[in-house]
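# Provided below for reference: sequence and predicted model.
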Amino acid sequence: MSKSYRIAILGATGAVGKELLELLENRNFPVSDLKLLASERTAGQRRSFKGESLLVEPVSDKVFENTDLVLASAGGSTSKVLAPKAVASGAVVIDNSSAFRMNPEVPLVVPEVNPESAATHKGIIANPNCTTILMAVVVWPLHKVIPVSRIVAATYQSASGAGARAMEEVKTQTRDILAGKEPVAEVFPYPLAFNLFPHNSPLNDSGYCEEEMKMVNETRKIFGEQSIRITATCVRVPVLRAHSEAINLEFEEQFSPEKAREILRQAPGVKLVENWQANYFPMPIEATGQDEVLVGRIRQDISHPCGLELWLCGDQIRKGAALNAVQIAELLVEKSWLKPQELVVSG
Ligand SMILES: NC(=O)C1=CN([C@@H]2O[C@H](COP(=O)(O)OP(=O)(O)OC[C@H]3O[C@@H](n4cnc5c(N)ncnc54)[C@H](OP(=O)(O)O)[C@@H]3O)[C@@H](O)[C@H]2O)C=CC1
Ligand SMILES: N[C@@H](CC(=O)OP(=O)(O)O)C(=O)O
């Protein structure tokens, strides 16, 4: 009989947690026991898994005992405290938060790009930032053919990137504005409905926000290429779910759009969506719920002989978070890399 695993989802009631639960069920991940964990706020609620109603539990002292794998999705500060405890209890943690991503002892994994790095884990594997995952899946297959030397990205990020409450907030604001009422902003700093603003993460002294710097630093770590020059402008838009990105790529040699198309048509995790006659390209509404990152509008950059431009949309709760984490878990199972750990990584 094939092995099955004792799993805990930390943050099971959140936007990513909900998706994790669905994916474990739909992809038939070998689960022998499933623990759903959240804060005191939602502990006591129930969620269904394979026809069974499971109780959402609060986190307690010995909660990770007898657990093989923790899928952590409860924010960075929670992961910093709980992930090392889970590893100390013998579990492997796949962490969706940014807490450990840049820790040199923690692999940062996109299965389509650097699956082998998962083998080096010491208990914690980090799932990259959603905007970064979507870009990496599309740029990597091109980079393998002709190295990319510079990336300029502009993003159009949906409300869902800020969690379940943010999605509710933009819906309520939309209803309120249409009813002639003042919109109220609590999750975001400003009303997002019928509006947009630069990404709401903290700014550094150079004028870049954290989300932008994640695209820079995490992409370099995933690609294993510190020399790629990357800059990004991240913007929050009033889309409910799925992020879009305009990517300008400069390669070491000329890269024709036809050649890029041929490569991307066969690339894992990518779907080419282009109809130039109809002006039809990827849209967040069509990327929602899809496993693949949609890419299209691939064209030569008229301002640079080695430049290529493309447009992508991806469901960031899915491939940008939960699906990527479940794919890492599947990789660990397939390669027998889900093993008892010797070393605990601290935050
Ligand atoms: N949304 C996205 O697209 C992406 C999110 N991520 C990361 O995933 C994580 C979760 O994001 P998301 O699902 O959007 O957030 P949500 O706000 O929707 O959900 C957060 C979850 O964490 C739980 N939680 C919060 N604090 C604690 C705690 N102290 N102990 C136990 N559980 C706790 C919440 O429980 P309760 O409901 O009881 O408060 C809830 O289940 C974040 O780190 C985020 O950065 C990464 C990539 C993309
Ligand atoms: N990238 C998310 C925010 C987020 O969850 O990022 P991270 O997982 O890197 O903290 C957004 O759209 O805002």
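Right, received. Where do you want to start? Ligands and ions are numbered 1, 2, ... in the order given.

# residues near Leu34, how many?
20 (other C-beta atoms under 10 Å). Backbone N, C-alpha and C define where each C-beta goes, glycine included.

# oh, I was asking about Leu54
A count of neighbours around Leu54, defined by other C-beta under 10 Å, yields 17.

# who touches the residue in the stretch 101-250 of the chain that ligand 2 sits nearest to in this structure?
At 1.9 Å from ligand 2, Gly161 is the closest residue in the stretch 101-250 of the chain, using C-beta to the nearest ligand atom. By C-beta atoms under 8 Å, 6 or more residues apart in numbering, Gly161 lies in contact with 130-131, 236, 243, 316, 320.

# likewise Pro198?
So Pro198 contacts 209, 233-236 (C-beta under 8 Å, 6+ apart).

# intersect those with the contacts of ligand 1.
Checking the contacts of Pro198 against ligand 1 by C-beta under 6 Å from any ligand atom, not one of them is in range.

# scan those residues and report the most crowded one.
Of the contacts of Pro198, with other C-beta under 10 Å as the count, Arg236 tops at 27 neighbours.

# give me the nearest residue to Ala83, chain neighbours excluded.
Val93 (4.6 Å; C-beta to C-beta, 6 or more residues apart in numbering).

# what number of residues lie near that neighbour?
Using other C-beta under 10 Å, Val93 has 28 neighbouring residues.

# hang on, the earlier thing: ok, the contacts of Pro198 vs Ser48, which is closest?
Arg236 (32.1 Å; C-beta to C-beta).

# gap between the closest residue to that closest one other than its chain neighbours and ligand 1?
Of all residues not flanking Arg236 in the chain, Gln157 sits nearest, at 5.3 Å (C-beta to C-beta, 6+ apart). To ligand 1, Gln157 is 9 Å away according to C-beta to the nearest ligand atom, to the nearest Å.

# same question, Val145
With distances taken as C-beta to the nearest ligand atom, Val145 is found 28 Å from ligand 1.

# now stretch 264-272: buried residues?
Going by neighbour count (16 or more other C-beta atoms under 10 Å), the buried part of stretch 264-272 is 264, 267, 269-272.

# closest to ligand 2 among these?
For the buried residues of stretch 264-272, the nearest to ligand 2 is Gly269 (18.0 Å; C-beta to the nearest ligand atom).

# so the closest one sits against Gly320, correct?
No - here Gly269 lies out of contact with Gly320, judged by C-beta atoms under 8 Å, at a distance of 11.3 Å.

# thinking again about what came up before, and the buried ones among the contacts of Gly161, selectable in PyMOL?
To isolate the buried members of the contacts of Gly161 in PyMOL, using 16+ other C-beta under 10 Å:
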select buried, resi 130+131+236+243+316+320
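
# just flag the most distant two among the contacts of Gly161.
Farthest pair in the contacts of Gly161 (C-beta to C-beta) is Arg236 and Gly320. Separation: 14.7 Å.

# re earlier: got the contacts of Pro198 as a markdown table, with pLDDT columns?
As requested, the contacts of Pro198 are arranged in a markdown table below (pLDDT from 0 to 100):
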| residue | pLDDT |
| --- | --- |
| Cys209 | 98 |
| Thr233 | 98 |
| Cys234 | 98 |
| Val235 | 98 |
| Arg236 | 98 |
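
# from ligand 1, how far out is the closest residue in space to Leu312 that isn't next to it in sequence?
Closest residue in space to Leu312, ignoring its immediate chain neighbours: Val295 at 4.6 Å, by C-beta to C-beta, 6+ apart. With distances taken as C-beta to the nearest ligand atom, Val295 is found 19 Å from ligand 1.
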